[in-house]
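When you get a sec, could you give me coordinates for this:
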Amino acid sequence: MCQKKFLFENKIVDCNGKDDDQAFEVEDSSLVDKENEVVTVKFNKSQDPSKLQCRMYENKFPEVEDLVMVNVRQIAEVGAYVTLMEYNNIEGLILLSELSRRRIRSIQKLIRVGRNEVVVVLRVDKEKGYIDLSKRRVSAEDIQKCEDKFNKSKTVHSIMRFVAEKQNLDLEELYAAFCWPLYKKYGHAFDAFKLALTEPKKLFDFLPTNEILTEEVKRELLNSIKKRMTPQAIKIRADIECNCFGYEGIDAVKTALFAGEACSTAETVIKIKLVAPPLYVMTTSSLEKNSGIKCLEDAITIIEQTIKKLGGSLTVKMKPRAVSESDDLELAQLMAKVGRENAEVSADEEEEDEGDD
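Model (predicted):
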């Protein structure tokens, strides 16, 4: 029997008793001695987890008054112990007095283990590694500002980590050679990555040539940036009921719906499908969520104005909003159900007609 082997302290050993952060798995065996259960292997250094651990910014510690994103790890009598997610999970402390401006009746209502929180840095002792933080001094505006920055940094970090792993590079060395200079030049590497979608040469033209940024690594970086940062169209949907019991009848409904579809633009094409009279679903796709919603809202206004002139009415059952794949699945299931019901009704009517004959 061939067991999995690991590299630990330059020796091939069984995985028993070894933590994941102390050993990394070797590739599949090329030679196996089944009798003695010995495996001859090739080592894959890219599986060393320590090479892929790095802070997001050049400074090893945040500065006083910096806003940082933390993850709550433990709640104690003195306060909450947290890890700073942008600084390779170094530890910090939110003192009990810095959790809230109000009197604390229940800590669990203010802060919970596992939750991410935006805090501000009060004190930093770089020698001892102590970082004191405050939650109560953070405003709603600060929270939004920090979340926006963190989401950008997280996107950048995922790209950097992916490339480092694929190219068997040390993540911190790749940051130093490529990413941290972008922070200095553009304010945030995310903005430089966005620029690279249209002007890729600007990403490297000011960087010195070095052994890290080879042509192969540059190509991998550009490919990863394009894959992960190219804008994806957002699906927008609205549900309406449109009917007319006047002389125009169904023709009035068709005229109104055609008027709504005519509100389409080159960027946002509106489609209207019948679910079951008088329910219709309106859909469009847009790179900008708000512009897509506005386009459907304008179309609904035109449909309502048109159908009212022709003696009908319109009711909005679901206002325009961004929808997910699960929403699309629910809609498809609903339309399939309606289709089956209509088929059953048609079959019943045919049987009645045959009976009358």
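
Domain map for this protein?
According to automatic domain parsing, the chain is divided into the following domains: 5-43, 67-138, 147-227, 234-323+332-342.

Give me the average confidence score over the second one.
To tie it back to what came earlier, the one meant is domain 67-138. When pLDDT is averaged over domain 67-138, the result is 91.

The last one now?
Over the span of domain 234-323+332-342, the pLDDT mean works out to 92.

hang on, the earlier thing: between the domains of the chain, which one is closest to residue 54.
Closest approach to residue 54 among those is made by domain 147-227 (4.2 Å; C-beta to C-beta). C-betas here are computed from N, CA, C, even on glycine.

now the end-to-end length of the closest one.
End-to-end distance for domain 147-227, by C-alpha to C-alpha, to the nearest Å: 23 Å.

can you pull out the strands in the stretch 1-150 of the chain?
Secondary structure of the stretch 1-150 of the chain (DSSP state E, counting those that start in this stretch): strands located at 5-8, 11-14, 24-25, 31-33, 38-40, 67-75, 79-84, 90-95, 116-125, 130-134.

picking that back up, same list (the domains of the chain) but as CSV, adding mean neighbour count.
Shown next, in CSV, are those (neighbours: other C-beta atoms under 10 Å):
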stretch, mean neighbour count
domain 5-43, 13
domain 67-138, 16
domain 147-227, 16
domain 234-323+332-342, 16
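
Using TSV, lay out those together with distance to residue 52.
Compiled in TSV, the domains of the chain are given as follows (distance: least, C-beta to C-beta, whole Å):
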stretch	distance to residue 52
domain 5-43	11
domain 67-138	11
domain 147-227	5
domain 234-323+332-342	32
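
Which of those domains sits closest to residue 58?
Within the domains of the chain, the stretch nearest residue 58 is domain 147-227; the backing value is 4.3 Å (C-beta to C-beta).

any idea how far the nearest residue to residue 287 once chain neighbours are set aside is from residue 147?
Among residues not flanking residue 287 along the chain, residue 231 sits closest, at 4.8 Å (C-beta to C-beta, 6 or more residues apart in numbering). In this view, residue 231 and residue 147 are 20 Å apart by C-beta to C-beta, to the nearest Å.

same deal with residue 163?
Relative to residue 147, residue 163 is positioned 25 Å away (C-beta to C-beta).

Skipping its backbone neighbours, what lies nearest residue 81 in space?
residue 74 (4.4 Å).

Can you tell me, leaving aside adjacent residues, what's nearest to residue 303?
Closest residue to residue 303 apart from its sequence neighbours, by C-beta to C-beta, 6+ apart: residue 260 at 4.1 Å.

Now do the same contact list for that neighbour.
Residues counted as contacts of residue 260 (C-beta atoms under 8 Å, 6 or more residues apart in numbering) are 270, 272, 282, 299, 300, 302, 303, 306.

Tell me which helix or strand comes right after the helix or strand hosting it.
In this structure, residue 260 is located in helix 250-261 according to DSSP states H and E. Where DSSP H and E defines the elements, the next helix or strand beyond helix 250-261 is strand 271-276.

Which neighbouring elements make contact with that following strand?
Applying 3 or more C-beta pairs under 8 Å, 6 or more residues apart in numbering; DSSP states H and E, one finds that strand 271-276 contacts helix 250-261, strand 279-286, helix 325-356.

residues in contact with that strand?
Contact with strand 271-276 is made by 239, 257, 260-261, 280-284, 331, 334-335, 338, 342, as judged by C-beta under 8 Å, 6+ apart.

Can you pick out the most distant pair from these?
Top of the distance list for these (C-beta to C-beta): 284 and 342, 26.4 Å.

could the helices and strands packed on strand 271-276 go into JSON lines alongside distance to residue 170?
Output for the helices and strands packed on strand 271-276, formatted as JSON lines (distance: least, C-beta to C-beta, whole Å):
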{"stretch": "helix 250-261", "distance to residue 170": "55"}
{"stretch": "strand 279-286", "distance to residue 170": "41"}
{"stretch": "helix 325-356", "distance to residue 170": "37"}
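
Of those, give the one that comes closest to residue 85.
With C-beta to C-beta, the closest approach to residue 85 among these belongs to helix 325-356: 28.1 Å.

Report the separation between residue 147 and residue 161.
21 Å.
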